[in-house]
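Asks: what's the 3D shape of this:
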Amino acid sequence: MITVYSASWCAFCHAAMEYLDKLNVKYEVKDIESDKSIAEEAIEKSGQMGIPVIDIKGDIIVGFDRPKIDDTLRKHEITS
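Replies: Got it, this is the predicted structure:
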């Protein structure tokens, strides 16, 4: 399960989701603006206030860190 904590105004969030789309990786989007508890969930998972927060099977990535995303997807055998 992959979750992207995002906001409509966040360019890096959109870039991260476009990258996952390009890789044909399925994910769930949680909009931090729509529900305060979602924002709190993202902060709790990441320990930070920044977005995107990407949760790949429990591994947390803050920001659009393409090498870390690639490594984590490979680690969980989501991509090769």
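Asks: bridging residues for the residue nearest the centre of the chain?
Replies: In the chain, the centroid-proximal residue (CA atoms, centre = their mean) is residue 54; its distance is 2.0 Å. As for beta bridges, residue 54 partners with residue 4, residue 61 under DSSP bridges.
Asks: could you measure it against residue 67, distance?
Replies: Counting by CB to CB, to the nearest Å, the gap from residue 54 to residue 67 is 13 Å. C-beta: built from backbone N, CA, C; applies to glycine.
Asks: And residue 14, by the same measure?
Replies: Residue 14 is 19 Å from residue 67, by CB to CB.
Asks: what's the answer for residue 45, then?
Replies: 20 Å.
Asks: Those two: which is more packed in?
Replies: Neighbours were counted for residue 45 and for residue 67 using other CB atoms under 10 Å; residue 45 has more, 16 against 7.
Asks: pretty sure that one is in a helix, no?
Replies: Yes - Residue 45: assigned to a helix according to DSSP: H, G, I helix; E, B strand; the rest coil.
Asks: That one touches residue 60, doesn't it?
Replies: Yes - at 5.3 Å, residue 45 counts as touching residue 60 under the criterion of CB atoms under 8 Å.
Asks: Show me whatever sits in contact with both of the two.
Replies: Common neighbours of residue 45 and residue 60, using CB atoms under 8 Å, 6 or more residues apart in numbering, are residue 53.
Asks: Please list the residues outside stretch 52-71 that contact it.
Replies: Taking CB under 8 Å, 6+ apart as the rule, stretch 52-71 contacts 1-6, 10, 12-13, 15-17, 19-20, 42, 45-46, 48, 50-51, 72-73, 75-76, 78-79.
Asks: In it, which residues are buried?
Replies: Using 16 or more other CB atoms under 10 Å as the test for burial, stretch 52-71 gives 52-56, 60-64, 68-69.
Asks: What's the separation between residue 52 and residue 75?
Replies: 19 Å.
Asks: er, residue 54 actually
Replies: Applying CB to CB, the value for residue 54 to residue 75 is 13 Å.
Asks: Repeat that for residue 65.
Replies: Per CB to CB, residue 65 is found 14 Å from residue 75.
Asks: How about residue 49?
Replies: 26 Å.
Asks: Thank you, goodbye.
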